[in-house]
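Enquirer: Below: sequence and its predicted model.
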2 protein chains.
Amino acid sequence: MGPAAKTITLKGRFQMHRAGCIESPTMAYETWGELNAARDNAILIFTGLSPSAHAASSAEDPSFGWWEDMIGPGLPLDSDHFHIICVNSLGSCFGSTGPASVNPETGDLYRLTFPVLTLEDVAEAAYGVIRQLGIEQLHSVIGCSMGGMSGLAFCVRHPGATRNFISISSATRATPFSIAVRSLQREMIRSDPRWRNGNYDLSAPPITGQRMARKLGMITYRSAEEWVQRFGRQRTTAAEENDSDPFKIAFSVEAYLDNHADKFCGSFDANCYLYLSRASDLFDLAEHGGSLQSGFQRIQLDRALVIGVVTDTLFPLPQQRELAEGLKAGCQEVQLVELDCISGHDSFLVDMDTFRPVICEFFDSDDESPHKDP
Amino acid sequence: MGPAAKTITLKGRFQMHRAGCIESPTMAYETWGELNAARDNAILIFTGLSPSAHAASSAEDPSFGWWEDMIGPGLPLDSDHFHIICVNSLGSCFGSTGPASVNPETGDLYRLTFPVLTLEDVAEAAYGVIRQLGIEQLHSVIGCSMGGMSGLAFCVRHPGATRNFISISSATRATPFSIAVRSLQREMIRSDPRWRNGNYDLSAPPITGQRMARKLGMITYRSAEEWVQRFGRQRTTAAEENDSDPFKIAFSVEAYLDNHADKFCGSFDANCYLYLSRASDLFDLAEHGGSLQSGFQRIQLDRALVIGVVTDTLFPLPQQRELAEGLKAGCQEVQLVELDCISGHDSFLVDMDTFRPVICEFFDSDDESPHKDP
């Protein structure tokens, strides 16, 4: 994942939600399809913790994006009808300002001097982007995983700034299980001697801790049921074995995790990961007004779609039901869809054949669906 | 947990299941109640990965054991009627020979020169103990978690050596999810620079890796549902906070894991943990004869009880059903009990009020139940 094709600078001091400011942050984003004359066909995508803004290929960047089969002509996020915008979250490392960026006030990398990051900040920075793009009201906000919580933060802070909201495998706030998992992932990175309290040599990052954190991620992103079908007790080939190591990789599932750790760790900055991980723990819709109910009452939407997956352990079905029920407070029409996918939390990245029709149906059934300018 | 009260030496070369031998291993064990004249009232307990043989208090050691509320006069494992034996697994570090023991042939600690450990070895060493105690046939074998697999290994290798078998939250073999979790736990320890390829300074063991491995253990031993009820999004008190650390412990669930890591890590030897963890991955009943079916056919029992818990993610209910169904091949009466406990895999250590009646009932309904000598 490289930096996204376009950037916008949010001029001036950007006030962070908890405390502190950052000076004129840059936001990276990509777009697909054209903004119509009425400026009412824009869809904003908030990503999960790790993706860049490169959700799909484009003329500027023909490489496959992380949601390639969802965005494009004739696809659910139809670039023939919609102007689709995906932002790289504030705090991330794919073009947007974050702990891996240079602090213009000091000339040094922010690292741990970056202020506490919240998903309210992620939402606010994205709001700044769409305002600079001249969009008053979005057709829809879509958020996956952490991005669903960023989307909720957007909706609660800017009622009316989007007509519709789609939450995919997300929640009003993290469960203690998810907090425990992320806390341990952060501990793995922070325990790596190369982390050096955030001051790692950029050519020698805390890759050992990052690899383990990614493996724990994969263990919680997929499902035990999927792995029974996919791996069972299959062994690795003898060629991969090293007889002098009594704890060498022996099972296919171990090799699978190792491969995923290899793929991920080259690209993601360790401090950015820590900040975004913590932000995911901290978000709580109930902080907006003192209760979930008051948080929900601040959200004004035409329609909302809440999608959950039966095998998701990070954002389990009871959380989807709570979210759908709560959104009814300020939303005219709320639809809850519980999908019987086997790939766990990651199903929205994997099981496209099941997700596409659900999202298609949501847009097709919109009475005020915008059309391409003639 | 200190060393158990009694030890037995298994004289001569102990042939390991995979390869290699160890010289005259010591086995630590504890007992409760008296062996009757007919020598038919003995119950053997195989523990999970981490406990010692100190399952309950006794005159010799009045400290509370790990199954204190299960063993004793009038309790399900009734020491007024039964002679109960709990062994510390071969390969562990609470009195039995393992990687933390001195190799009598070299005078050095075994460390990673200890041969590959399997649960067949754990079973065989326990079999050696009961034979030295003069017991031909056990009334029952009980195994919890890893101990259930050790118990299966005992039953498949010594048909008729026990009349009855109770498996608690165990399985015929580990799922790929459980293998993935344990593989990552081992990686945490092995990645700790203090591990030094197993040659750690005994006064400076790889406690950082061990602590993280224990935390991941707790995340998989308990259940997400329990933590929602118990912790929700409760914060730690301000006194525990340290404002200079942006990733300090903030949520009660994080503090809970930290406390558990503190309690565990002083006591368990890192290399022993690695060996027992790997042994748990390696066990597969299907290796006895080439298929699960053939493995089950080698087991001869009067009665079996298979207990599983609905919230257990390490040994989930489908595995309990598979085990109960399979045992019917060589067992006259198999009972499957699925418990609706909220504490996950650890329920057998926590939810005594639910487990006690089930185990009581199993022994009470035994037509050939032994009685205390008059």
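Expert: Perfect, I can see it now.
Enquirer: number of nearby residues for the nearest residue to A:R111 once chain neighbours are set aside?
Expert: Nearest non-adjacent residue to A:R111, counting by C-beta to C-beta, 6 or more residues apart in numbering or on different chains: A:G198, 4.6 Å away. Backbone N, C-alpha and C define where each C-beta goes, glycine included. Number of residues near A:G198 (other C-beta atoms under 10 Å in any protein chain shown) recorded here: 20.
Enquirer: who are the neighbours in contact with A:G198?
Expert: A:99, A:111-112, A:271, A:274 (C-beta atoms under 8 Å, 6 or more residues apart in numbering or on different chains).
Enquirer: Identify the farthest-apart pair in those residues.
Expert: A:R111 and A:L274 (10.2 Å; C-beta to C-beta).
Enquirer: Who has more neighbours out of those two?
Expert: A:L274 (25 against 18).
Enquirer: and the gap between the more buried one and A:F264?
Expert: 15 Å (C-beta to C-beta, to the nearest Å).
Enquirer: low-scoring stretches of the stretch 251-374 of chain A, by residue?
Expert: Within the stretch 251-374 of chain A, the segments meeting pLDDT under 70 span A:367-374.
Enquirer: can you pull out the helices in the stretch 151-300 of chain A?
Expert: For the stretch 151-300 of chain A, applying DSSP state H, counting those that start in this stretch gives helices covering A:176-191, A:207-221, A:224-230, A:252-265, A:270-282, A:292-297.
Enquirer: Would you map the helices across the stretch 1-150 of chain A?
Expert: Along the stretch 1-150 of chain A, the stretches classed as helices by DSSP H, counting those that start in this stretch are A:119-132, A:146-157.
Enquirer: for those, which one sits closest to B:R186?
Expert: Closest among the helices of the stretch 1-150 of chain A, using C-beta to C-beta: helix A:146-157, at 29.0 Å.
Enquirer: Establish whether the closest one and chain B are in contact.
Expert: No - figure legend: helix A:146-157 not in contact with chain B (C-beta under 8 Å from any C-beta of the partner chain); closest approach 13.2 Å.
Enquirer: do the same with stretch A:247-258
Expert: Yes - contact of stretch A:247-258 with chain B (C-beta under 8 Å from any C-beta) involves A:247, A:249-254, A:257.
Enquirer: Tell me how far that stretch lies from the chain's centre.
Expert: For stretch A:247-258, the separation from the chain centroid amounts to 28 Å (computed by C-alpha atoms, centre = their mean, to the nearest Å).
Enquirer: Pull the residues that contact it.
Expert: A:215, A:218-219, A:227, A:231, A:233-236, A:240-242, B:176-177, B:179-180, B:183-184, B:186, B:190, B:274, B:278, B:281-282.
Enquirer: Then stretch A:259-267?
Expert: Under C-beta under 8 Å, 6+ apart, the answer for stretch A:259-267 is A:1, A:50, A:207, A:210-212, A:214-215, A:218.
Enquirer: now the strands for the stretch 51-200 of chain A?
Expert: Taking DSSP state E, counting those that start in this stretch, the strands of the stretch 51-200 of chain A run over residues A:71-72, A:77-78, A:83-87, A:138-144, A:162-168.
Enquirer: So which bits of the last one are buried?
Expert: Applying a neighbour-count criterion of 16 or more other C-beta atoms under 10 Å in any protein chain shown, the buried positions in strand A:162-168 are A:162-168.
Enquirer: Same question for stretch A:7-27.
Expert: Quick answer for stretch A:7-27 (16+ other C-beta under 10 Å): A:7-8, A:10, A:14, A:16-17, A:22, A:25-27.
Enquirer: Out of those, which comes closest to chain B?
Expert: A:M16 (12.2 Å; C-beta to the nearest C-beta).
Enquirer: Which residue, other than its chain neighbours, is closest to that closest one?
Expert: A:P115 (4.4 Å).
Enquirer: Number of residues surrounding that neighbour?
Expert: Neighbour number of A:P115 under other C-beta under 10 Å is 20.
Enquirer: ditto for the one 10 residues further on
Expert: Residues lying near A:A125 (other C-beta under 10 Å) number 25.
Enquirer: any idea how far the residue nearest to it when sequence neighbours are not counted lies from A:F46?
Expert: Excluding the flanking residues, the one nearest A:A125 by C-beta to C-beta, 6+ apart is A:L90, at 3.8 Å. Per C-beta to C-beta, A:L90 is found 11 Å from A:F46.
Enquirer: Likewise for A:R163?
Expert: Taking C-beta to C-beta, one finds A:R163 at 16 Å from A:F46.
Enquirer: Roughly how far does A:S101 sit from B:L77?
Expert: Counting by C-beta to C-beta, the gap from A:S101 to B:L77 is 62 Å.
Enquirer: One more: A:A55?
Expert: 59 Å.
Enquirer: Make sure A:V306 is indeed in a helix.
Expert: No - assessed with DSSP: H, G, I helix; E, B strand; the rest coil, A:V306 is strand; it does not lie in a helix.
Enquirer: just checking, it touches A:L323?
Expert: Yes - counting by C-beta atoms under 8 Å, A:V306 does reach A:L323; the two are 5.2 Å apart.
Enquirer: which residues do these two both contact?
Expert: A:S167.
Enquirer: Next to chain B, which bits of the stretch 101-250 of chain A? Give me the list.
Expert: A:112, A:116, A:173-177, A:179-181, A:183-184, A:186-188, A:190-193, A:208-209, A:212, A:215-216, A:218-219, A:224, A:227-228, A:230-233, A:246-247, A:249-250.
Enquirer: nearest residue to the residue positioned nearest the centre of chain A other than its sequence neighbours?
Expert: Nearest to the mean C-alpha position of chain A, by C-alpha atoms, centre = their mean, lies A:G48 at 1.3 Å. Leaving aside its chain neighbours, A:G48 sits nearest to A:S145 (3.7 Å; criterion: C-beta to C-beta, 6+ apart).
Enquirer: got the contact list for the one you found?
Expert: A:S145 sits in contact with A:48-49, A:168-170, A:314-315, A:345, A:348, where contact means C-beta under 8 Å, 6+ apart.
Enquirer: Now restrict those residues to buried residues only.
Expert: A:48-49, A:168-170, A:314-315, A:345, A:348.
Enquirer: which one among these gets closest to B:E361?
Expert: For the buried ones among the contacts of A:S145, the nearest to B:E361 is A:L314 (38.0 Å; C-beta to C-beta).
Enquirer: ok, the closest one touching A:T220?
Expert: Yes - the criterion here is C-beta under 8 Å, and A:L314 meets it with A:T220 at 5.4 Å.
Enquirer: can you list residues touching both of those two?
Expert: The contact sets of A:L314 and A:T220 overlap at A:178, A:181, A:344-345 (C-beta under 8 Å, 6+ apart).
Enquirer: And these, which is closest to B:I85?
Expert: A:V181 (38.5 Å).
Enquirer: show me what contacts the closest one?
Expert: A:V181 touches A:216, A:220, A:314, B:219, counting by C-beta under 8 Å, 6+ apart.
Enquirer: got the contact list for the first one?
Expert: Meaning A:L216. A:181, A:184-185, A:188, B:184, B:216.
Enquirer: if we go to 6 Å?
Expert: A:Q185 (C-beta atoms under 6 Å, 6 or more residues apart in numbering or on different chains).
Enquirer: just A:R211 next, same as before
Expert: A:R211 neighbours (C-beta under 6 Å, 6+ apart): A:261, A:265.
Enquirer: Among the residues of stretch A:247-258 next to chain B, which pair sits farthest apart?
Expert: Top of the distance list for those (C-beta to C-beta): A:F247 and A:S252, 16.2 Å.
Enquirer: Buried residues, stretch A:79-98. List them.
Expert: A:79, A:81-98.
Enquirer: Contact partners for A:H139?
Expert: A:H139 makes contact with A:41-43, A:163, according to C-beta under 6 Å, 6+ apart.
Enquirer: And the residue of the stretch 251-374 of chain A that's closest to chain B?
Expert: Of all residues in the stretch 251-374 of chain A, the one sitting closest to chain B is A:V253 (4.0 Å; C-beta to the nearest C-beta).
Enquirer: neighbours of that residue, just the number please.
Expert: 28.
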